[in-house]
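K.L.:
With the input below, show me the fold.
(one chain, ligands or ions: 1)
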Amino acid sequence: MSFSETGLPGLLVYEPKIFGDSRGYFFESYNANTFRDAGIEYTFVQDNQARSTYGVLRGLHYQQEPYAQTKLVRVLEGKIIDAVVDIRKGSPTYGQSFTIELSAENKLQLLVPKGFAHGYAVISETAEVMYKCDNFYHKGSEGGIIYNDPDLNIDWGIELNDAIISDKDLALPRLADISHNFMF
Ligand SMILES: Cc1cn([C@H]2C[C@H](O)[C@@H](COP(=O)(O)OP(=O)(O)O[C@H]3O[C@H](C)C(=O)[C@H](O)[C@H]3O)O2)c(=O)[nH]c1=O
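P.N.:
Residues are numbered from 1 along each chain as shown. Coordinates of the predicted model:
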């Protein structure tokens, strides 16, 4: 298994060790000791799972402190473009975004620290996305950034005119309009 840097401090790509044989494959999708041995210690308290069809775009979302969440994102079925934005005050990469293709096939996981906005777009017919969180859902602490913020220019891998987006997400603000609110 391996952890790879992304250029944004704390944002890591995790590639688990896959044990393949004539029956198929086995891998530990998460092991606290493996992460601890890499100097990465989180106590995940909530697992989320979402199913979406092609073109669904969820995000970009975050929770304000004291409910900010670190997330460990992976794809059980299908393929997504996962996107994050660094919104940590004082971060040397504040306002920078990162995208990665996560899929059931590549089995890659993205470790998204507190202080990032997170979202994904589904680029397969359907996708089942699962992510571990180190803090609980708290509706009143939810915030977000509009998916097509021109200052971020995120490539979601889909034709945005055809994207399937919730009314809630369509009403999200631009980063420039909320950056004063961040408490990360
Ligand atoms: C996030 C969440 C939602 N809910 C309920 C609230 C709504 O009634 C329903 C759907 O919620 P929402 O439309 O916010 O789901 P997503 O758009 O997938 O939200 C997620 O999108 C991006 C990708 C994220 O990283 C966040 O974890 C999360 O905000 O599930 C819960 O009961 N618990 C939860 O932890």
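
K.L.:
How about the residues of the protein by the ligand?
P.N.:
Counting by C-beta under 6 Å from any ligand atom, the chain comes close to the ligand at 48, 50, 58-59, 61, 118-120, 137, 166. (Each C-beta comes from the backbone N, C-alpha and C, glycine too.)

K.L.:
does Q109 have beta-bridge partners, and which?
P.N.:
Y14 (DSSP bridges).

K.L.:
and what of A50?
P.N.:
Beta-bridge partners, per DSSP bridges, of A50: V129.

K.L.:
contacting residues for it?
P.N.:
A50 is in contact with 58, 128-129, counting by C-beta atoms under 8 Å, 6 or more residues apart in numbering.

K.L.:
Look up how far L57 lies from it.
P.N.:
Distance of A50 to L57, computed by C-beta to C-beta, to the nearest Å: 12 Å.

K.L.:
Same question for V45.
P.N.:
Distance from V45 to L57, by C-beta to C-beta: 27 Å.

K.L.:
Compare those two (neighbour count), which wins?
P.N.:
L57 (27 against 11; other C-beta atoms under 10 Å).

K.L.:
For A117, grab the count of nearby residues.
P.N.:
A117: 24 neighbours (other C-beta under 10 Å).

K.L.:
Surely I158 is in a strand?
P.N.:
No - I158 is assigned coil when assessed by DSSP: H, G, I helix; E, B strand; the rest coil, not a strand.

K.L.:
in the chain, which spans are strands?
P.N.:
For the chain, applying DSSP state E gives strands covering 2-5, 12-15, 19-21, 24-26, 46-53, 57-63, 71-77, 79-86, 97-103, 109-112, 116-122, 126-133, 142-144.

K.L.:
which other residues reach the first one?
P.N.:
Residues external to strand 2-5 that are found in contact with it (C-beta under 8 Å, 6+ apart): 12-15, 38, 40, 111.

K.L.:
Enumerate every residue touching N153.
P.N.:
S97.

K.L.:
can you point me to the longest helix in this protein?
P.N.:
Ranked by residue count under DSSP state H, the longest helix found in the chain is helix 32-37.

K.L.:
Would you mind listing the buried residues in that one?
P.N.:
For helix 32-37, burial by neighbour count (16 or more other C-beta atoms under 10 Å) applies to F35.
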